[in-house]
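1. next comes the sequence, and after it the predicted model I'd like to discuss.
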Amino acid sequence: MLEIADNGRTWLLSGPASSYAVHLTEDDELLHLHWGPRIALADAEALAVRPLPDYWPFESPLDGREEYPVEGGPRFVRPALSVRSDERRGTEWRFETYEVDGDHLRLAFRDGGLAITLHYRMRHDVVERWVTLDNEGPALELLRADSATWTLPEREEWRLSQLHGRWAAESRLTAAPLTYGEKIIGSRRGHTGHQHLPWVALDTDATEERGEVYGCALGWSGSWRIAVAQLPDARVQITGGAGYDDSGLLRLEAGESYTTPVFAGLWSDGGFGGASRAWHAYQRAYVIPDAEQDRPVLFNSWEATEFDISEEQQGTLARRAAAIGVELFVVDDGWFGKRTSDRAGLGDWTVNRDRFPNGLKPLADYVHALGMQFGIWVEPEMVNPDSELYRAHPDWVQFQPGRKRTEFRNQLVLNLAREDVQEYLWEQLDALLSSAPVDYVKWDFNRCFTDAGWPGESYPQRLWVDHVRALYALLDRLRAAHPNVAFESCSGGGGRIDLGIMSRTDQVWTSDNTDPLDRLAIQHGFSQVHPARVMAAWVTDSPNTQLNGRVSSLRFRFVSSMAGVLGVGGDLTRWTEEELAEAGEWVGLYKEIRPLVQHGDLYRLRPPRGGLSAVQYVRGDEAVVLAWLQAQSHGEPVPALRLRGLDPTASYECPETGEIHSGAVLLHHGLRTGLRGDLDAAVFRLRRI
């Protein structure tokens, strides 16, 4: 709901539980009024008449109170907008008008030929903010154009939570007291990165289920930056957007425009669990394509075959996958060009006829005849120097003239900002998806930007932004032309996970680490902001030869992966008949609980810190608990679990234990009888009776 004061200078956006208010002063200064529990318009108007403090000349009364601080004038905080023209630097803007389109509020400002529009939209209790910059005058340079600055209420002892990591250890949750100065996280790698997810949360004393939590998540799949600042007067602001530094984002010629990515904010008084459930509901409703559809159980051939693939071999794997109940069969790397290792073939998106003599269609038809969908792996933004594409167009990659072209994984990054590269990839991928009945594409991105140069381009810095904009446009174009094809975002695991890429893909590859114990911590962090509906998780072989050699039971591996979108990635030709039969039972159980896992409300009952950990999903009158016992000492009892989200006046039946519980239940006996020893796991269903 959007309300506007009679004077047209105070705006209030309200969701089911929260409100967000801004006010324009008589001097055209846009001030932040409120972000938190739901308030009335009269409350916002009362806040608007409070005078600013008299700090000048050593502090600015605007700092920490301004809604979108620009560079220039009486400001000392980090600017969200920094503009440079041939004559001057900075912004001196004046308010022009506001417009309302349903729940969408636009506040329009102008500085000479530059039109600046701030956008607001409340969806559930998530506030979406972004900025549009239209240049109607001489050329100018955007040094920095952040999506939003978020202002927090005055509190003592803020605590900052973030998700950090590295390859194969993504999404690790950490929290620390916020101190004076700035805390900056981000990526200067050209993609979202394994090192940080673009999300932060701040609280003072919140627990998993109680207390105020403020969270912000950025929807951008390139380099980015979020700065959390505690100012000299203890006020806190969060500023974020595309690009890592202020060296130059884009050059806008007359008639050109730039729209920032969305920087979304959420207030919740339900603790970290309540905040997570609100984020998940928002993404299922407004971000994820076709979120109401169940994601199928998939098999991926990579760990079974790596590059040594053939049509016959894939058919053998497909038969075994279908027999255990798999619904989507995915051929990974090695089906195209001269791709017999990671040294060749990237860029040549034509079928290797030595391996698939008649193309992919016969295998796809065979997979469909087995009752499964068919998928393939691609990495379109990359090229191997040993490829027909690179030999024909060595200038199509990012490079600095006179410098060595850095290779990671024997590959270079295509300059997707170039229109000829965009058109080439469209033609190749459109032809590929038209040549066979492909239902699913795993889209990978296996290295960071290093030599981000564009010889001959007058403003080469723009490739950092334009690469991502071109990626989005290509995905949008492919989805429009092939509406029945689902896409998965992958970047060496979790290197490109954000609201931007998630708005164009159906699920994401969470991590290359498929060890089921390591995955518990990764999935715990991922769930702070993103829902299980997009979190791909595979059951692979034991010992885990890809990473750590750990031995784990098929039971533990399956229950770990059933917390998200279940997949299988082991070599099924080496599994025993007993293992295949057990796998079929787990796949069948997952299909029964899938509506709860993929569409239900998540409750993190115990974090994965050793001992017992568990998550619970609730949907309507049903619930399911996935529990993992990481280690158990002799004589140590398994602790009880207090379940969440159930009707305390109702009774629930657990078919796994045969017990009847009240809604205010302690799951106790079943845990002690069902979980024994190290690396054990169990599934408990609850149905209202």
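-> The structure has been received and is ready for your questions.
2. quick one, what contacts the closest residue to Q422 other than its chain neighbours?
-> Leaving out its chain neighbours, the residue that sits closest to Q422 by C-beta to C-beta, 6 or more residues apart in numbering is A470, at 5.1 Å. All C-beta spots, glycine's among them, are computed from the backbone N, C-alpha and C. A470 is in contact with 416-417, 421-422, counting by C-beta atoms under 8 Å, 6 or more residues apart in numbering.
3. equivalent analysis for R89, please.
-> 71-72, 82-83.
4. re earlier: got phi/psi on the residue nearest to Q422?
-> phi -70, psi -40 (degrees, to the nearest 10).
5. same thing with E585?
-> The phi/psi pair for E585 (degrees, to the nearest 10) is phi -70, psi -40.
6. just say helix, strand or coil for L596.
-> Under the three-state scheme (DSSP: H, G, I helix; E, B strand; the rest coil), L596 adopts helix.
7. on that earlier part again, just send the contacts of A470 back as TSV, with neighbour count, pLDDT and secondary structure too.
-> Output for the contacts of A470, formatted as TSV (neighbours: other C-beta atoms under 10 Å; pLDDT from 0 to 100; DSSP: H, G, I helix; E, B strand; the rest coil):
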residue	neighbour count	pLDDT	secondary structure
L416	22	98	coil
A417	22	98	coil
V421	23	98	helix
Q422	19	98	helix
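8. name the nearest of those relative to A278.
-> Closest approach to A278 among the contacts of A470 (C-beta to C-beta): L416, at 34.1 Å.
9. wouldn't that closest one be in contact with H467 here?
-> Yes. Contact criterion C-beta atoms under 8 Å: L416 and H467 qualify, at 4.6 Å.
10. quickly list what's touching both of the two.
-> Shared contacts of L416 and H467 (C-beta under 8 Å, 6+ apart): E381.
11. and V127, which of the three is it?
-> Applying three-state DSSP: V127 is strand.
12. partner residues bridging it?
-> M122, G265 (DSSP bridges).
13. do the same with F109
-> With DSSP bridges as the criterion, F109 is bridged to F95, I116.
14. one more: H104?
-> D101, R121.
15. so where is this structure shaky, pLDDT-wise?
-> Residues of the chain meeting the criterion pLDDT under 70: 55-56, 634-635.
16. just send the contacts of A470 back as TSV, with distance to G674 too.
-> Formatted as TSV, those follow (distance: C-beta to C-beta, whole Å):
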residue	distance to G674
L416	50
A417	55
V421	55
Q422	54
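17. which residue packs closest to the most centrally placed residue in the chain, ignoring adjacent ones?
-> What sits nearest the mean C-alpha location of the chain, by C-alpha atoms, centre = their mean, is D498, with 2.8 Å. Distances taken as C-beta to C-beta, 6+ apart place T192 nearest to D498, at 4.8 Å, with adjacent residues excluded.
18. now swap in T573 and tell me
-> Distances taken as C-beta to C-beta, 6+ apart place T316 nearest to T573, at 6.3 Å, with adjacent residues excluded.
19. isn't that neighbour up against R574?
-> No. Between T316 and R574 there is no contact under C-beta under 8 Å: 11.6 Å.
20. more neighbours, the two?
-> Using other C-beta atoms under 10 Å as the criterion, T316 and R574 rank with T316 on top: 13 against 9.
21. can you pull out the helices in the stretch 401-550 of the chain?
-> 419-435, 463-481, 499-502, 516-526 (DSSP state H, counting those that start in this stretch).
22. got those as TSV, with distance to G112 columns?
-> Formatted as TSV, the helices of the stretch 401-550 of the chain follow (distance: least, C-beta to C-beta, whole Å):
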stretch	distance to G112
helix 419-435	30
helix 463-481	23
helix 499-502	31
helix 516-526	45
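23. now, of those helices, which is deepest in the fold?
-> Compared across the helices of the stretch 401-550 of the chain, helix 499-502 shows the largest average neighbour count, a mean of 24 (mean count of other C-beta atoms under 10 Å).
24. name the SS class of V559, please.
-> Following three-state DSSP, we place V559 in the helix state.
25. ok, it to R644 distance?
-> 19 Å (C-beta to C-beta, to the nearest Å).
26. between these two, which is the more surrounded one?
-> Ranked by neighbour count (other C-beta under 10 Å), V559 and R644 place V559 first, with 22 against 18.
27. OK, contacts around the more buried one?
-> Neighbours of V559 in contact, by C-beta under 8 Å, 6+ apart: 516, 586, 626-628, 681-683.
28. I'd say R604 and Q523 touch.
-> No. With contacts counted by C-beta under 8 Å, R604 stays clear of Q523, the gap being 10.0 Å.
29. please enumerate the helices of the stretch 151-300 of the chain.
-> For the stretch 151-300 of the chain, the helices defined by DSSP H, counting those that start in this stretch cover 271-286.
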